[in-house]
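Enquirer: this one's sequence-less:
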């Protein structure tokens with residue numbers, strides 16, 4: 001896969017308050033290969049997404065979008081590059097003062113490149129894709145948790161990104177909500193979107209990804225397929241997949 005078709009980290013370290021979050025971390029997200037980063041809560045999964053987007057700067061190492069290193073650059077220098085990526089945050093991160101339609105069209109309105117009529121068409125199309133077009137004029141406070149997640153996905157889709165990052169997309173949802181989100185992610189992948197998810201939900205991860213990275217104590221302990229992960233002899237991986245009494249209170 002050409003570097004121009006990937007997002008990657010090279011020898012990346014990230015430390016905050018004297019605590020090492022990531023150490024000497026290498027990672028690559030190639031177009032068409034859907035990945036999940038797994039690990040217990042607090043293992044640095046969401047930090048990876050923020051570093052890939054340039055929202056955080058590494059202590060050392062480099063982050064590349066396509067073949068351009070964005071580490072140390074002002075945000076204005078890579079804003080155009082970053083338009084190939086969208087992120088769906090864990091809580092949805094919708095603007096409470098805006099309607100659903102305004103939330104979904106926000107990025108397009110800010111860019112100012114399309115007419116209002118065209119943006120409104122895209123908003124309705126994306127809300128239809130996620131099955132919540134009836135919520136167009138509602139406010140986030142009027143939505144269920146599952147509907148908020150779907151609206152957040154519609155907002156991510158509005159700018160037609162190549163890559164979509166998901167931060168714990170099924171946290172707090174009931175089984176039907178989890179099924180709906182997994183189905184949406186699979187449909188996005190079928191349409192050619194490349195996804196990167198961070199989660200500790202194994203069922204969601206295995207339903208939506210091809211390859212898996214497992215983090216433990218700031219390090220990558222495993223990278224491979226589901227079959228390779230299930231066959232792994234690494235103690236921490238085995239414990240994560242099938243907790244035992246040794247996991248109590250840890």
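Expert: Received, thanks. Just so you know, these numbers come straight off a predicted model, no measurement behind them.

Enquirer: immediately after the helix or strand of the chain with the lowest mean pLDDT, which helix or strand?
Expert: Every helix and strand of the chain was ranked by mean pLDDT, DSSP states H and E. The lowest is helix 75-82, at a mean of 83. The helix or strand immediately downstream of helix 75-82 is strand 85-88, counting by DSSP states H and E.

Enquirer: What segments of the protein are strands?
Expert: 6-16, 19-30, 35-38, 60-65, 68-69, 85-88, 163-167, 194-199, 211-216, 219-224 (DSSP state E).

Enquirer: any chance of these in TSV, plus distance to residue 185 and mean pLDDT?
Expert: The way it works is simple: take the backbone N, C-alpha and C, and place the C-beta from them, glycine included. Formatted as TSV, the strands of the chain follow (distance: least, C-beta to C-beta, whole Å; pLDDT from 0 to 100):
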stretch	distance to residue 185	mean pLDDT
strand 6-16	18	92
strand 19-30	15	90
strand 35-38	10	95
strand 60-65	22	93
strand 68-69	27	90
strand 85-88	10	91
strand 163-167	7	94
strand 194-199	6	94
strand 211-216	15	94
strand 219-224	20	92
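
Enquirer: any chance of those in JSON lines, with distance to residue 129 and mean neighbour count too?
Expert: Putting those into JSON lines (distance: least, C-beta to C-beta, whole Å; neighbours: other C-beta atoms under 10 Å) gives the following:
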{"stretch": "strand 6-16", "distance to residue 129": "24", "mean neighbour count": "18"}
{"stretch": "strand 19-30", "distance to residue 129": "23", "mean neighbour count": "17"}
{"stretch": "strand 35-38", "distance to residue 129": "22", "mean neighbour count": "24"}
{"stretch": "strand 60-65", "distance to residue 129": "25", "mean neighbour count": "18"}
{"stretch": "strand 68-69", "distance to residue 129": "30", "mean neighbour count": "13"}
{"stretch": "strand 85-88", "distance to residue 129": "14", "mean neighbour count": "23"}
{"stretch": "strand 163-167", "distance to residue 129": "13", "mean neighbour count": "23"}
{"stretch": "strand 194-199", "distance to residue 129": "15", "mean neighbour count": "24"}
{"stretch": "strand 211-216", "distance to residue 129": "26", "mean neighbour count": "21"}
{"stretch": "strand 219-224", "distance to residue 129": "32", "mean neighbour count": "16"}
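
Enquirer: Right, I'll leave it there.
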